[in-house]
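# compute the structure for the input listed below.
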Amino acid sequence: MQPTQQPHSQYRPQLDSLRAIAVLAVLVHHYYPGSEFLGLGYYGVRLFFVLSGFLITGILLDSRYRSEQAGQGKKVAFYQFYARRMLRILPVYYCALFLTWLAGNPDVLSGAWWYATYTSNLLFMTLGFFPLTTAHLWSLSVEAHFYLFWPCVIFFVSKQYIHWSILLTILAGPAYRLFSIVESHDHVEFYTSTLSSIDSLGWGALLAWLIHTNRGMPVLQNTGRRIFLFLPIMTPLLMNERYFYVVDTTLLSIAFVWLVEGAAKGFRRPVGALMNWKPLLYIGQISYGIYLYHLFIPWVLYEFGGFSQPAHVLINTLLLMTSTILLASLSWHFFERPVMSLKKYFSPSGAIPAHKEPHSTPRDQEFRFSAKH
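Numbering: from 1, shown residues only. Modelled structure (predicted):
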């Protein structure tokens, strides 16, 4: 497992733009009635999963290599990763839960323990439906489950078997979805199970591993590009039947692998101009807060706050989107970023010696993984 010559410590800003596109797709899906048939929320969540698999795996691979080169035990890097992850996701998540619980949100009150333990997807599978204000939290539970076991794989599985572990996660997703159909699981259990989404995270992990080991990926790139171009035609056809969804998620994930790989290198004009647009980059930066808060916002405004809901659908959508982005911005500047500054006490140590990697190329050095993720 030989990484590129330079440590992946620099951040590729266009990945933030992908986050922005993903979270805006989710907002439109949930805020604009009648847009559900487009599948934008489905797209957005899948893109988030591929991004997470890519970035987390890249960070873990770098951390493992750094610790080995520095002569440290892998356990140190292992604990550093968890400390930094917890600082990023837990404080704002539990703050949002506590405030909505305190305000009397009925969904949070009735399932507080499930949400506090990141098992909301299991709750929804038990209920058989998505609660109105907390439906989105299932995907955060899936990612939390991934964070629990994936560092153990990357840090402690023998190097020659890591790619087999990644391939296993990729195969596990469609296998579970097929099993779910055979067992006649309802649509909530079919959609929200961690195993149902694990292949999207696995495809992102595969991309990170290919980059880290300097392996070529022209087949994956070309396949992903072709699938991406046909998504507008493909998805309405594939999402109509559950059997098609078995492969639809896989095809989407491969398409998004191509998209993530392009953003990691940096798209050039004209796409690059959009991907480097500062408002889009900023929305991507605060996207975690946007996603976390967005389904609470209608309840806060119209039920808890007692405001009148605008009659016009477009005005209501713009109001909800503006309110969500404003709240996420305040959360980022006054809560999340100050908490994240504590990450400096858990920074990965050790440098990657340049002489260790004679086969790396300038193209390999274009890729960077985010230490901020």
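# show me the contacts for the spatially most central residue of the chain.
Nearest residue to the geometric centre of the chain (Cα atoms, centre = their mean): residue 48, 3.1 Å. Residues near residue 48 by Cβ atoms under 8 Å, 6 or more residues apart in numbering: 19, 22, 23, 139, 143, 291. The way it works is simple: take the backbone N, C-alpha and C, and place the C-beta from them, glycine included.
# can you tell me the element it falls in?
Using DSSP states H and E, residue 48 sits in helix 40-69.
# any idea which helix or strand comes after that helix?
Counting by DSSP H and E, what follows helix 40-69 is helix 74-102.
# run through the neighbouring helices and strands of that following helix.
Helix 74-102 is packed against helix 40-69, helix 106-110, helix 112-116, helix 137-156, helix 287-293, helix 337-340, with contacts defined by 3 or more Cβ pairs under 8 Å, 6 or more residues apart in numbering; DSSP states H and E.
# mind listing what's buried along the fourth one?
Read it as helix 137-156. Neighbour-count burial for helix 137-156 flags 137-147, 150-151, 153-155 (criterion: 16 or more other Cβ atoms under 10 Å).
# of those residues, closest to residue 93?
Set against residue 93, the nearest of these by Cβ to Cβ is residue 140 (7.1 Å).
# pull out the buried residues from the helix holding residue 48.
40-68.
# off-centre distance for it?
In terms of Cα atoms, centre = their mean, to the nearest Å, the centre of helix 40-69 is found 8 Å from the chain centre.
# and the angle for it with helix 137-156?
Here helix 40-69 points in a direction 20 degrees away from that of helix 137-156 (axes from the mean of the first three to the mean of the last three Cα atoms, to 10 degrees).
# for helix 40-69, give the mean pLDDT please.
Mean pLDDT, helix 40-69: 91.
# repeat for stretch 327-340
96.
# list the buried residues in it.
So, applying 16+ other Cβ under 10 Å, buried residues of stretch 327-340: 327, 328, 329, 331, 332, 336, 340.
# what about residue 28, distance to residue 55?
Using Cβ to Cβ, to the nearest Å, residue 28 is found at 24 Å from residue 55.
# strands of the stretch 201-350 of the chain, start to end?
For the stretch 201-350 of the chain, no strands are identified by DSSP state E, counting those that start in this stretch.
# that older thread, relative to helix 74-102, how tilted is the helix holding residue 48?
Using the same axes, to 10 degrees: helix 40-69 against helix 74-102 is 150 degrees.
# measure stretch 62-82 end to end?
15 Å (Cα to Cα, to the nearest Å).
# please disregard the earlier target; I meant stretch 153-163.
End to end - Cα to Cα - stretch 153-163 spans 10 Å.
# going forward, the N-terminal residue is numbered 713.
Okay, using 713 as the starting number, the last item reads as stretch 865-875.
# can you list contacts of it?
In contact with stretch 865-875 (Cβ under 8 Å, 6+ apart) are residues 713, 769, 772, 773, 775, 776, 786, 789, 790, 877, 918, 921.
# before we move on, the earlier item: now flag whichever of the buried residues of helix 849-868 is closest to residue 815.
residue 849 (16.3 Å).
# so who does that closest one touch?
827, 832.
# relative to residue 829, how far out is it?
11 Å.
# next one: residue 753
24 Å.
# for residue 968, same thing?
29 Å.
# who has more neighbours, those two?
residue 968 (29 against 12; other Cβ atoms under 10 Å).
# quick check: that one touching residue 762?
Yes. Using Cβ atoms under 8 Å, residue 968 is in contact with residue 762, at 4.2 Å.
# which neighbours do these two have in common?
With Cβ under 8 Å, 6+ apart as the test, residue 968 and residue 762 both reach 912, 915, 916.
# tell me the gap between whichever strand or helix holds residue 874 and the middle of its chain.
Element membership for residue 874, per DSSP H and E: helix 874-894. Chain-centre distance of helix 874-894: 18 Å, with Cα atoms, centre = their mean.
# buried ones in that helix, by neighbour count?
So helix 874-894, judged by 16+ other Cβ under 10 Å, has buried residues 874, 875, 877, 878, 881, 882, 884, 885, 886, 888, 889, 892.
# in the chain, what helix or strand scores lowest on average pLDDT?
helix 930-950 (a mean of 56; mean pLDDT, DSSP states H and E).
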